[in-house]
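Novice: Quick check, what structure comes out for this input:
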Amino acid sequence: MVSFAFNTLIGQVTDIAMTNIGYKYYFLFIICNFTNALFFYLFLPETARLPLEEMNYLFTNAPFLVAGHDKGAYQANYAQDLERRAAEIEYKTGAKHHEEEIKVA
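Specialist: Predicted coordinates for the structure are as follows:
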């Protein structure tokens, strides 16, 4: 949200700033890009190759500063988590899983 706010601010004042200070205005872009990269590295956990269902677990269990922490300590064990969720659904619906054999004709 902060990044969006600053990008909007930059878009509103670019014409005036380029007229008044010229090329020095590009330093603002450099500073914004650096602070964005630093924020993403320090505070946001890696979400690559994770299913959408795991995002809540990831963001609730990740430490405040994720840089330098072991990712395995706060990422879900997919097999155990899948079994837990299946058991919850089974309990809520009262349904039992039945394995049916598919007969090939």
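
Novice: So the residue nearest the centre of the chain versus Asn56, what's the distance?
Specialist: The residue lying closest to the centre of the chain (Cα atoms, centre = their mean) is Thr47, at 5.2 Å. Counting by Cβ to Cβ, to the nearest Å, the separation of Thr47 from Asn56 is 12 Å. The way it works is simple: take the backbone N, C-alpha and C, and place the C-beta from them, glycine included.

Novice: Show me the helices in the chain, by range?
Specialist: 2-21, 26-43, 55-61, 78-93 (DSSP state H).

Novice: related to what we said a few turns ago, spit out the contact partners of the residue nearest to the centre of the chain.
Specialist: Met55, Leu58 (Cβ atoms under 8 Å, 6 or more residues apart in numbering).

Novice: Quick check: pLDDT value at it.
Specialist: Predicted confidence (pLDDT) at Thr47: the value is 79.

Novice: Now it, what are its backbone angles?
Specialist: Dihedral angles phi and psi of Thr47 (degrees, to the nearest 10) take the values phi -120, psi 10.

Novice: how much space between it and Leu82?
Specialist: Using Cβ to Cβ, Thr47 is found at 18 Å from Leu82.

Novice: Quick one: distance of stretch 44-56 to the chain centre.
Specialist: 6 Å (Cα atoms, centre = their mean, to the nearest Å).

Novice: Which parts of this protein belong to which domain?
Specialist: Per automatic domain parsing, the structural domains of the chain span 1-43, 48-105.

Novice: Cool, thanks, talk later.
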